[in-house]
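In: Quick one, structure for this:
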Amino acid sequence: MPLSQSSAISAAFRVERGAPFCAQTARFRSRTVSTVHPWARISVVRHGTGQMLLPGHARPVPVRPGSVVVARPRTQLEVSADGTMSMSRVFLSPEFVAEQVCRNHRGLAFDQASAQVLWRGRFPDPCQMVQLPAHQEAPVHDSLDALADATARQAVVSSHFFSQTWMMGVLAAVMPLLRLNGPEVSGQAMLPGLEPVGFLAPVIQQTIAWVEEHFRETWRLSDLAALASLSQSGLLKAFHLGVGKTPIGLRDELRVQELARLMCQTTLTVPEAAALVGWKAPDQAVARFRAAYGLMPSAWRKQAFLAHS
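Out: Down below sits the predicted model:
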């Protein structure tokens, strides 16, 4: 989309009422664009090079393909392109980002009423710039294209069948790269006048991170308890209080999410994809997938193709 036609780059970008996120890809041509938006933004450079003036930086920072800038709401960014540069942007409501940052990715119990307070405490900088690893660029680009297409067709991304999967694909790549404050540093003083939020001990946070990294592998609850230096009953209680599920439940949830992504973005058969995410028995993978999404993996793939075509 030529820059002259892209009002979505400015503060005038309209987000759909009730939608937790939406996306757009735009092209810049040898000029500087200043952007501000009331929602948070994840900006991913797709092609070309340029500079971006970030809050707290005296000089513009070089950007290139794979550069990602995550900005809090109402943060001003200035982008200058060297020639032509294309960039994808995802706009996210504060409540949605707080939920993902504070619960799904870092093991913090989440209170909807305290979303913005929690997020400001966990994300200390107005914006951060990171670089995607090369092997993650193509999957992230696929998810961004699908989200931008749904937005352009005015699909209701809050209820769109595959939007959560596409959004999780972006977050799963970006979130581990960010610098976040730990809840043990921020403390309950972040929440004046609100009911205390149940922060997880560092050992449980580390255990959750281990499960997120090793969900494709075969292990038992006893192995995880030994890793955390807890009894099995103590580990189960901590997980239930903090994330509302068992460690095996978290592992299976991550496997199902990855299986859904593989069904959308690859041509692997169901048994091949199931084995790749850690299930030796395809029947078990199909049963867990159907319980989570209400569809067989093959039917999910067909609907993903129809939604994206």
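In: Please list the residues outside stretch 226-234 that contact it.
Out: Residues from elsewhere that reach stretch 226-234 (Cβ atoms under 8 Å, 6 or more residues apart in numbering): Val203, Ile204, Gln206, Thr207, Trp210, Leu221, Ser222, Ala225, Leu235, Ala238. Every residue, glycine included, has its C-beta placed from N, CA and C.
In: please redo it, this time with the cut-off set to 6 Å
Out: Residues from elsewhere that reach stretch 226-234 (Cβ atoms under 6 Å, 6 or more residues apart in numbering): Val203, Thr207, Leu221, Ala225, Leu235.
In: Also stretch 264-273?
Out: Here stretch 264-273 has contacts from Asp142, Leu259, Leu262, Pro282, Pro297, Ala304, using Cβ under 6 Å, 6+ apart.
In: What pairs with the host helix or strand of Val44, parallel or antiparallel?
Out: Using DSSP states H and E, Val44 sits within strand 40-53. Here strand 40-53 is paired, per DSSP bridges, with strand 61-63 (antiparallel), strand 67-71 (antiparallel), strand 77-92 (antiparallel).
In: Report the buried residues of the last one.
Out: This means strand 77-92. Buried residues in strand 77-92, defined by neighbour count with 16 or more other Cβ atoms under 10 Å: Leu77, Val79, Ser80, Ala81, Met85, Ser86, Met87, Ser88, Arg89, Val90, Phe91, Leu92.
In: now swap in the first one and tell me
Out: Residues of strand 61-63 classed as buried by neighbour count (16+ other Cβ under 10 Å): Val63.
In: Over it, what's the mean pLDDT, rounded is fine.
Out: For strand 61-63, the mean pLDDT works out to 92.
In: who's in contact with it?
Out: Against strand 61-63 from outside (Cβ under 6 Å, 6+ apart): Val45, Gly50, Gln51, Met52, Leu54.
In: picking that back up, got the strands paired with strand 40-53 as CSV, with distance to Ala148 columns?
Out: As requested, the strands paired with strand 40-53 are exported to CSV (distance: least, Cβ to Cβ, whole Å):
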stretch, distance to Ala148
strand 61-63, 19
strand 67-71, 16
strand 77-92, 6
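In: Is Ala23 in contact with Val90, as I believe?
Out: Yes: using Cβ atoms under 6 Å, Ala23 is in contact with Val90, at 4.6 Å.
In: how about the strands in the stretch 101-250 of the chain?
Out: If you assign secondary structure with DSSP state E, counting those that start in this stretch, the strands in the stretch 101-250 of the chain sit at 127-131.
In: any low-confidence regions in it?
Out: Applying pLDDT under 70 to the stretch 101-250 of the chain flags the ranges 101-124, 154-164, 180-204, 241-243.
In: returning to that earlier point: between the buried residues of strand 77-92, which sits nearest Leu177?
Out: Val90 (15.0 Å; Cβ to Cβ).
In: show me what contacts the closest one?
Out: Contacts of Val90 by Cβ under 6 Å, 6+ apart are Phe21, Ala23, Ile42.
In: rerun at 10 Å
Out: 21-24, 39-44, 70, 143-144, 147-148, 151, 166-167, 170-171, 174 (Cβ atoms under 10 Å, 6 or more residues apart in numbering).
In: Buried ones from these, can you make that a PyMOL selection?
Out: In PyMOL, this line selects whichever of the contacts of Val90 come out buried by 16+ other Cβ under 10 Å:
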select buried, resi 21+22+23+24+39+40+41+42+43+44+70+143+144+147+148+151+166+167+170+171+174
